[in-house]
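[1] Got a predicted model here, sequence first, then my questions.
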Amino acid sequence: MRKIWLIVLSVVLGLAVIPESYAQMNRKSIKKNNKRIASYRGRKSSFGKEKRYNSLGFSVNAVNYYGDLAPRPQRVSTDISFTRPGFGLSFIHRFGPRYSLRAEFMYATLKGSDNSSADPNDLENGIFRYQRNMSFRNRIKELSVIAMFDLFDNQSTYISRVKWTPYAFLGVAAFHHNPQAQAPATDLNGNALPEAGQWVDLRPLGTEGQNADLLDTDVNFGIEPYKSLQIAIPFGVGARFRLNEVMDFSAEIGFRYTFTDYLDDVSQNYVDLGVFGSNELAKAMSYRNNELGPPTSPLTYVGRDGQTYTVQNGYGHEFRDNLRGSKADRDIYMVTSLKLSYILGATFHKAKFR
């Protein structure tokens with residue numbers, strides 16, 4: 001009986017010791033885990049930080065020209081009646097909440113005319129431009145890369161992007177241009193021109209003596225033919241509106257600051273008409289006052305080719321004050337655009353959970 005009680009007592013004491021021993025082990029394990037948690041430095045997830053997608057766009061543009069054939073000498077002077085249409089195709093890549101990069105091709109036409117724009121009653125500036133009687137058109141083919149900055153950021157996916165946002169843009173463009181003008185009915189001697197009424201390229205004619213052997217005493221001495229391929233700086237502002245999950249509509253106004261003064265083929269001084277030799281078309285495109293009628297203040301001189309020329313005093317002959325244009329300013333064109341873009345898809349930098 002005594003042995004039985006000893007066995008029971010041992011079992012009871014053992015059961016009492018086991019929970020206490022287990023509790024001590026459990027407390028040690030909890031402390032160890034807490035220490036690990038306190039010192040853990042997990043990787044931050046990048047999910048949601050960057051939303052990138054591409055889109056294709058089409059634009060309808062209205063293009064205006066600022067230059068030597070504008071109605072007035074101010075830089076912002078233009079003739080709205082010569083606004084010409086254009087169109088553009090673009091590819092846009094969105095980098096993040098505010099930034100996008102746009103590659104775009106644009107085709108447009110610039111146009112200007114002294115006879116239509118200048119006021120002959122304006123004795124300060126209009127009469128000079130009216131009597132100069134220059135005109136041109138220039139078909140522009142432009143390829144640009146433009147950075148756009150949105151005022152409102154978009155932290156969501158492209159499906160839940162902001163309803164609308166203003167934006168500004170700045171970039172660089174390369175464009176090809178080719179100024180042309182309609183040939184008059186006759187040359188300066190009154191003989192019919194074979195090119196009468198046709199649009200002729202002005203650059204090959206060298207209307208300011210670019211292709212002639214000028215004397216070192218000539219005002220335009222050292223003048224070089226201008227290049228058909230030029231660089232411009234596009235800049236401006238716009239607003240983009242969400243139409244649905246995958247389509248946006250934008251309206252923007254921008255300017256192209258160019259590094260040429262020959263979008264209109266007019267920049268420097270008149271030259272002696274004799275430097276053109278036998279090229280009657282070049283003479284007729286260089287000096288066009290005779291199309292308005294007999295000179296009101298005639299000047300007659302013998303050109304370097306031995307021929308006699310009668311021109312309006314101040315036009316069509318070599319003299320430092322006989323300005324054909326103003327080489328101090330570069331030409332600018334303005335582009336007002338309505339754009340429709342379609343989102344192709346989205347790519348996300350997915351998070352990596354460890």
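    Arrived safely.
[2] in the strand or helix carrying Ser116, what's buried?
    Using DSSP states H and E, the element containing Ser116 is helix 114-117. For helix 114-117, burial by neighbour count (16 or more other CB atoms under 10 Å) applies to 114-115, 117. For the C-beta atoms, the positions are set from N, CA and C on the backbone; glycine is no exception.
[3] same check, this time on stretch 159-167
    The neighbour-count check on stretch 159-167 (16+ other CB under 10 Å) flags 161-162, 165, 167 as buried.
[4] Tell me how many other residues crowd Phe221.
    Neighbours of Phe221 under the rule other CB atoms under 10 Å: 11.
[5] Is it correct that it falls within a strand?
    No. Going by DSSP: H, G, I helix; E, B strand; the rest coil, the assignment for Phe221 is coil, not a strand.
[6] so how far is Asp264 from the residue lying closest to it once chain neighbours are set aside?
    Among residues not flanking Phe221 along the chain, Leu214 sits closest, at 4.8 Å (CB to CB, 6 or more residues apart in numbering). As for Leu214, its distance to Asp264 is 21 Å (criterion: CB to CB, to the nearest Å).
[7] Neighbour count: these two, which is higher?
    Neighbour count, other CB under 10 Å: between Leu214 and Asp264, Asp264 has more, with 25 against 20.
[8] Next up, the contacts around that one.
    Going by CB atoms under 8 Å, 6 or more residues apart in numbering, Asp264 touches 65, 67-69, 110, 112, 134, 136, 138, 179, 325, 331.
[9] How is it assigned, secondary-structure-wise?
    coil.
[10] returning to that earlier point: does the residue nearest to Phe221 touch Gly274 like I think?
    No. Using CB atoms under 8 Å, Leu214 is not in contact with Gly274; the gap is 11.3 Å.
[11] Is Met204 located within a helix, as I assumed?
    No Met there; residue 204 is Pro. Yes. The assignment for Pro204 is a helix, going by three-state DSSP.
[12] And it, how close does it get to Gly86?
    Distance from Pro204 to Gly86, counting by CB to CB: 25 Å.
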